[in-house]
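> Quick one: sequence and predicted model below, then my questions.
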Amino acid sequence: MSTHFIHKFTTHLPTIREAINGQSDLRSNRKLYKKIYKYYKDIGIIFSGDDFTDYETVLDCIYEDMV
């Protein structure tokens, strides 16, 4: 579990959990999605540039950090 991710996004954890459980789309909150995307990009995650693929990559990364 990545405590840095959880600490950084503590106030948004309910929304993030809904997204990784498939109950909502994280992109509906563009500001939060951009912050999370930038967080993973800054730590070295490589994104393809395809919106769908990048969203799935973000969700995968979040899942790994939350487990």
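Thanks, I have the structure now.
> close enough to count as contact, residue 47 and residue 57?
Yes - taking contacts as C-beta atoms under 8 Å, residue 47 lies within contact range of residue 57: 6.2 Å. Any C-beta I mention is one placed from the backbone N, CA and C, and that applies to glycine too.
> So between the two, which is more surrounded?
In terms of neighbours (other C-beta atoms under 10 Å), residue 57 is the more surrounded of residue 47 and residue 57; the figures are 17 against 14.
> Quick check: that one vs residue 63, distance?
11 Å (C-beta to C-beta, to the nearest Å).
> Also residue 36?
In terms of C-beta to C-beta, residue 36 sits 12 Å off from residue 63.
> Next: residue 22.
11 Å.
> next one: residue 8
For residue 8 relative to residue 63 (C-beta to C-beta), the value is 16 Å.
> Run a quick neighbour tally on residue 24.
Here the count is done by other C-beta under 10 Å, and residue 24 has 15 residues near it.
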